[in-house]
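Enquirer: what follows is a predicted protein model with its sequence.
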Amino acid sequence: MNDKTYILTTELDDDSFAWLDALRRQHFPPARNVLSAHLTMFHRLSGAQIERLASASIPTGPIALDFDGLRFLGSGVAFNVRSPDLQRLRREIVTAIGGELSRQDSQKWMPHVTVQNKVQAETAKQLLATLDATFAIRAGLATGLLVWEYLGGPWKLARRLSFETRQT
C-alpha cells in the first residue's frame, strides 16, 4: 500500500446511499461521473497513513448523520452533512494516522455529498432551486469507512472498516 494514494470516505446506510446516488446519476454529467455518491473524509492519504488507521478507535455502531441543507458549489450542488460524532471520529483519525495532511485535507472539514458538479453555474443554480423547493432535513447513518485506491479518476475499493463488525 505504501506508494499509492488513497481516499477515505464514510460508508452510508443503504437508503441514504440509494437516494444520493440516484440524484448524482440524474444530475452529474454522465461523461464525468466515474464515481458513486460519497462522503469524503480525506482526499489524499499515503499507504503508511492507511496502515496507521488501524490504531484509530473505530465505532462499534452506526453514527447518526443529518443531511441538513444544500450547498451551491459554483459548478454544482451538494447536500451538507451534520454529525458531531463523525466530526469527532475525523479528529481521532487525524491523530491516529499522523503525518502531514494534504492542503485540502488540512482545511476545515465541511462534510457534504456532491450530487452535481462540473456544470455551468446557471444549471447548478436551477438544480439548487429545484431541490430547495422540497428540501427537508433527512436523517441517515454512517455505517463504516471505505478506503479507496485513487486510480487517476476512478477509485478502487481497497478496504472496508464496518462500524458494526470492524472487519476489513
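Expert: That came in fine, so what should we check first?

Enquirer: which residue is nearest the centroid of the protein?
Expert: residue 39 (1.3 Å; CA atoms, centre = their mean).

Enquirer: what's near enough to touch it?
Expert: 9, 10, 12, 81, 111, 112, 113, 142 (CB atoms under 8 Å, 6 or more residues apart in numbering). Quick note: C-beta positions are derived from backbone N, CA and C, even for glycine.

Enquirer: ditto for residue 105
Expert: 42, 43, 44, 45.

Enquirer: can you give me the buried ones in the one helix or strand it maps to?
Expert: Using DSSP states H and E, residue 105 sits in helix 103-106. Using 16 or more other CB atoms under 10 Å as the test for burial, helix 103-106 gives residue 105.

Enquirer: and after that helix, which helix or strand comes next?
Expert: strand 112-116.

Enquirer: for that next one, packing partners?
Expert: helix 14-27, strand 77-82, helix 121-133 (3 or more CB pairs under 8 Å, 6 or more residues apart in numbering; DSSP states H and E).

Enquirer: just name the most buried of the ones you listed.
Expert: strand 77-82 (a mean of 21; mean count of other CB atoms under 10 Å).

Enquirer: chain center to that one, what's the gap?
Expert: Relative to its chain's centre, strand 77-82 lies at 10 Å (CA atoms, centre = their mean, to the nearest Å).

Enquirer: got the contact list for the helix or strand just after it?
Expert: Using DSSP H and E, the helix or strand that follows strand 77-82 in sequence is helix 84-97. Residues from elsewhere that reach helix 84-97 (CB under 8 Å, 6+ apart): 8, 10, 41-42, 45, 49-50, 52-53, 55-57, 59, 63-65, 101, 109, 111, 142.

Enquirer: buried ones among those residues?
Expert: Buried, going by 16+ other CB under 10 Å: 8, 10, 41-42, 45, 49-50, 52-53, 56, 59, 63, 65, 101, 109, 111, 142, out of the contacts of helix 84-97.

Enquirer: if we can go back for a sec, closest to residue 30 out of the contacts of residue 39?
Expert: Nearest to residue 30 among the contacts of residue 39 is residue 113, at 18.4 Å by CB to CB.
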